[in-house]
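> coordinates for the following, if possible.
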Amino acid sequence: MTHPKLPTTLLIGLLPVGSVFFAQAAVAQNTSEVGLGIGGLTYKGELSPAYQFRNNRPALTAFYRKDVSAPVTLRAGLTAGMLRAADGSVKDVNNRNAPLAAYRQANMKGSLLEASGVLEYNFFDYHDRHDKVHFTPYVFVGLAGFYAHTAAEGQGIANSKYQNLLGIAVPAGVGIKYALSTHWNLGLEAGARKAFTDKLDGYNGSDLPAGSGSKATNELLGNPHDQDWYFYNGLSVSYTFYKIRCPDDSQDKGRSKK
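Model prediction:
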C-alpha cells in the first residue's frame, strides 16, 4: 500500500494567495452555519491499495461552522457511513486480479462513525451579499476520532467476527461553498483521513488472529508498516445565522469628537 501525500504543499502554497481576497476584513457581522450532507465513504488499505471509486458506500454528515476571522472558519462534524472492500476488485497492469489479492481472496465490510474538528480557510467572502462573488473554494485540515465496526474474511483469517476499533485520524481536503441566498448554501467536499492504525481491514501483518498461520505468512498477507486511510466526499446543504456586531463605545466617542 502506498501512502497518498497529505495536501500540505497545497495548504502552504495557497494560503498566502487567498489572503489577498481579505485585505479588508468583514467587521460588520459574523456568521455561523448548521448543515447536513450526503456522500460516500471509501477505504484504502491492504484490500484496496489505491483509491477506488467503486468502493464508495453511503455516508451522512452533520456539521456546525463558526467563523473566527474573515477567511478562517472552525467546523465540528459527525460523519457516519459504511465501509466495503474486496480483493476481487484489485487489478494489475494487465487488468487481471493481482497475485496477492488472487491468493488472499479477502473481503471486508462494516461501518464507521467519526467526530471531527477542522479548520477551514476560505478564499472569498461568499456571505457578503454586496459582492458579486457568492462562492468560495476552501481547504481544510484537522483532527478526528473514529469508531469502526468491521469484519474481514479470507485466506489467513481464522475468525471473521466483527471487531470494534477506536482510533484517531487526520482529515485534510478541499471543497467549494456556494451561497444560494442570504441564508441557504450548497457545498461540495472531498477529503482524506489518515488513520493511525492498520486494523480497519483485519490484515496488519504482525498480529493476525491466532491460528491463522506463521508470522512470515502473516507478513505476506498484510503489511505491518503501512497504515489505513479512509475518504469522504459529498454534497451538503447549510443554513447561515448572522450576528451583527455593534461598534465599540470608544469608537463612537471618537467619531463624535470629530
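
> and the strands in the stretch 151-258 of the chain?
163-179, 184-195, 229-244 (DSSP state E, counting those that start in this stretch).

> that should have said the stretch 1-150 of the chain, apologies.
29-44, 57-67, 72-86, 107-122, 135-153.

> list the buried residues in the fourth one.
Of the residues in strand 107-122, 107, 108, 109, 110, 111, 112, 114, 116, 118, 120, 121, 122 count as buried by neighbour count, 16 or more other CB atoms under 10 Å. For every residue, glycine as well, the C-beta is placed using N, CA and C.

> list the contacts of the third one.
The contact partners of residue 109, taken as CB atoms under 8 Å, 6 or more residues apart in numbering, are 82, 83, 84, 150, 151.

> rerun at 6 Å
residue 84 (CB atoms under 6 Å, 6 or more residues apart in numbering).

> over to the first one?
Applying CB under 6 Å, 6+ apart, we find residue 107 in contact with residue 86.

> how much space separates it from residue 154?
6 Å (CB to CB, to the nearest Å).

> just the third one next, same as before
Here residue 109 is placed at a distance of 12 Å from residue 154 (CB to CB).

> wait, residue 120 sits on residue 137?
No. The pair residue 120 and residue 137 does not pass the contact test of CB atoms under 6 Å, sitting 10.6 Å apart.

> got the contact list for the residue most central in space within the chain?
The residue lying closest to the centre of the chain (CA atoms, centre = their mean) is residue 191, at 3.9 Å. Residues near residue 191 by CB under 6 Å, 6+ apart: 171, 173, 232.

> for those residues, which one is nearest residue 225?
residue 171 (22.7 Å; CB to CB).

> hmm, the closest one is touching residue 144, no?
Yes. Applying CB under 6 Å, one finds residue 171 in contact with residue 144, separated by 5.2 Å.

> now for those two: what residues contact both?
residue 116.

> looking at these two, which has the bigger crowd around it?
With neighbours defined as other CB atoms under 10 Å, residue 171 and residue 144 compare such that residue 171 has more, 24 against 20.

> and the more buried one, what pLDDT?
On the pLDDT scale, residue 171 is placed at 97.

> bridging residues for it?
Here residue 171 sits in beta bridges with residue 193, as judged by DSSP bridges.

> equivalent analysis for residue 82, please.
Beta-bridge partners, per DSSP bridges, of residue 82: residue 111.

> still on that earlier bit, what is the nearest of the contacts of residue 191 to residue 90?
Nearest member of those to residue 90, counting by CB to CB, is residue 232, at 21.7 Å.

> count the neighbours of residue 41 for me.
Neighbours of residue 41 (other CB under 10 Å): 26.

> how close does the nearest residue to residue 142 once chain neighbours are set aside get to residue 163?
In space, and not counting its chain neighbours, residue 142 is closest to residue 118: 2.9 Å by CB to CB, 6 or more residues apart in numbering. As for residue 118, its distance to residue 163 is 27 Å (criterion: CB to CB).

> how far off centre is stretch 194-205?
With CA atoms, centre = their mean, to the nearest Å as the basis, stretch 194-205 stands 17 Å off its chain's centre.

> ditto for stretch 107-127
Using CA atoms, centre = their mean, the offset of stretch 107-127 from its chain centre is 4 Å.
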